[in-house]
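In: could you look at this predicted model? Sequence included:
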Amino acid sequence: MVVVGGGFGGLQAVAKLRRLPVAVTLVDRRNFHLFQPLTYQVATGALSPGEIAYPLRAIFKRNRNVHVLMAEVEDFDLEARELHLGSAEGVPAPATITYDTLIVSGGSRYSYFGHEEWSDHAAEVKSLESALTVRNRLLSAFEAAEWESDPERRAAWLTFVVVGAGPTGVEMAGQIGELARDTLRADFRSIDPRKARILLVEAADRALTTFPRSLSVKAGRSLEKLGVTVLTQRTVVGVDAEGVAIGGGGGKPERISSRTVIWAAGVTASGLARKLAELTGAETDRAGRVTVEPDLTLPGHQEVFALGDMVRVRDAAGGSTVLPGVAPVAMQQGRYAARVVRDRLRSRPTPTFRYRDKGNLATIGRGAAVADIKGLKLSGHLAWITWLVVHLWYLIGFQNRLLVFVRWTTSFFTHGRGARLITGQNVEDRGAMPRPSSKD
Ligand SMILES: Cc1cc2nc3c(=O)[nH]c(=O)nc-3n(C[C@H](O)[C@H](O)[C@H](O)COP(=O)(O)OP(=O)(O)OC[C@H]3O[C@@H](n4cnc5c(N)ncnc54)[C@H](O)[C@@H]3O)c2cc1C
């Protein structure tokens, strides 16, 4: 067995397969599993990278039938049942490996509506590295504003634009609000961080469109309390080093000066989806997802499964269903693929895949969250505690659970964020910072 991707889908597949009499090789370009739902907390200094990531080798250290291989999957030869590999992060890797059964869960990445050049100025929080870039940019914006004497330039440093009001955008904007109004409140001498302007731009008519309208309204109110302005029915039509242009307000696009833009809109499937589609004749949709059969295999290739963010599933009527791009979908699909393998070993049939939707959660800030659990609509503290428990439960590694629990409890009482560090070279990435001498 070869499993590509140690994210949510791949990890669940291997966790089930390790109990079967099969040899499993897990291939990932990273040597760790990343808990993406909390990367935005790294981006805002609430958590440290090591608390939301866990080495893949450590997860499977007791399973002698599981091998972990750090490599970049570059291509597939489905006839020869072979993967073509390249080195990841400079680590040498074998050129090929073979398989009897292949499971691919390569995930997705953010797309910039066909303007990849915007990514230079609008970082996202999908990977640990990009979350650290965002952290550097956020914190250095406050540092820069402290020394900037020109009011317009200072305002640009203190204007934060988050693009996309799905759960990640809402969580990100809420955290920036808490950082500015709460954590950093007393840290500066020339600026008042509470005056920071935080804009959350959304093309739809409300934030959190995957939630019932009543919960969107509640989330909007919680965001307002944190100083976030939600701009609905507005689309970003330009991003550069000096700010964003926002259309949809009638007339010419509005120009907003901002030195910190965060991207949380639109995803596109991993390039592995397109490769598999080309090799099997499977369809892809506009987001690059490959269409898999109801049992998650590729057409004509019962031995190849694809799952998670990179697929949509053919339904009984011959159409296809796009399931939400969330961790539970990938996890259930990963477990399902392992179950099919088990049933094949026992010569038993497996019913087709069915997603069990357990609900939707999003947090806005301390004590504020919304939850839609099988029609039960929760908000405020109850939703927030549900959110905390669910995230701690699914976090990999006992030590990480404990550390995050302690961090969250401490922050709750102290209003602090221990990982407010500016590291790396990202400050220079955005052009010259104002010099201390520019201060009056
Ligand atoms: C910022 C953010 C916040 C989110 N918040 C939530 C949330 O609160 N709740 C929720 O349910 N979902 C959330 N999601 C969505 C959730 O993380 C995804 O739906 C889930 O990760 C999908 O799992 P996957 O296995 O398809 O892909 P991933 O978990 O992304 O795993 C893909 C893996 O494949 C590896 N890989 C990819 N290509 C290659 C290659 N060519 N060679 C080798 N390895 C490769 C990657 O390194 C990665 O480890 C969030 C996503 C993001 C980005």
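Out: Sure, I can see it.
In: mind checking how far the closest residue to the ligand within the chain is from R109?
Out: Nearest residue of the chain to the ligand (C-beta to the nearest ligand atom) works out as G7 at 1.7 Å. (C-beta placed from N, C-alpha, C; glycine too.) Shown here: G7 relative to R109, a distance of 12 Å by C-beta to C-beta, to the nearest Å.
In: could you do T210 as well?
Out: From T210 over to R109 the distance is 20 Å, taken as C-beta to C-beta.
In: more neighbours: which of those two?
Out: R109 (17 against 13; other C-beta atoms under 10 Å).
In: on the three-state scheme, that one is what?
Out: Recorded secondary structure, R109: strand (DSSP: H, G, I helix; E, B strand; the rest coil).
In: look at it and report its pLDDT.
Out: Here the pLDDT value assigned to R109 is 95.
In: and for the one 3 residues further on?
Out: You'll see Y112 listed with a pLDDT of 95.
In: and the residue nearest to it when sequence neighbours are not counted, what does it touch?
Out: Once flanking residues are discounted, Y112 sits nearest to W118: 4.5 Å by C-beta to C-beta, 6 or more residues apart in numbering. For W118, the contacting residues are Y112, G238, V239, W263, by C-beta atoms under 8 Å, 6 or more residues apart in numbering.
In: just say helix, strand or coil for W118.
Out: helix.
In: neighbours of G6, how many?
Out: G6 has 28 nearby residues by other C-beta under 10 Å.
In: which SSE is it in?
Out: In the assignment (DSSP states H and E), G6 maps to no helix and no strand.
In: shouldn't it be in contact with H33?
Out: Yes. Using C-beta atoms under 8 Å, G6 is in contact with H33, at 5.0 Å.
In: common neighbours of the two, please.
Out: L56.
In: let's have the contacts of W118 in JSON lines, adding neighbour count and distance to the ligand.
Out: Listed next are the contacts of W118 as JSON lines, based on neighbours: other C-beta atoms under 10 Å; distance: C-beta to the nearest ligand atom, whole Å:
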{"residue": "Y112", "neighbour count": "19", "distance to the ligand": "14"}
{"residue": "G238", "neighbour count": "14", "distance to the ligand": "23"}
{"residue": "V239", "neighbour count": "22", "distance to the ligand": "18"}
{"residue": "W263", "neighbour count": "27", "distance to the ligand": "10"}
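In: max pairwise distance over those: which two?
Out: For the contacts of W118, the farthest-apart pair by C-beta to C-beta is G238 and W263; their separation is 13.2 Å.
In: any low-confidence regions in this structure?
Out: 425-440 (pLDDT under 70).
In: residue numbers of it in contact with the ligand?
Out: 4-10, 27-30, 36-37, 39-40, 72-73, 105-107, 125-126, 167-168, 270, 272, 308-309, 325-328, 330 (C-beta under 6 Å from any ligand atom).
In: now list the buried members of those.
Out: 4-10, 27-30, 36-37, 39-40, 73, 105-107, 125-126, 167-168, 270, 272, 308-309, 325-328, 330 (16 or more other C-beta atoms under 10 Å).
In: quick one: strands adjacent to the strand or helix carrying V237?
Out: Following DSSP H and E, one finds V237 within strand 235-240. Sheet pairing here is set by DSSP bridges, and for strand 235-240 it gives strand 243-247 (antiparallel).
In: and the next helix or strand past the strand it pairs with?
Out: That would be, after strand 243-247 and using DSSP H and E, strand 254-257.
In: can you give the contact residues for that next one?
Out: E152, A155, A156, T159, V161, L199, E242, G243, V244, A245, I246, G247.
In: please list only the buried members of those residues.
Out: Buried, going by 16+ other C-beta under 10 Å: A155, A156, T159, V161, L199, G243, V244, I246, out of the contacts of strand 254-257.
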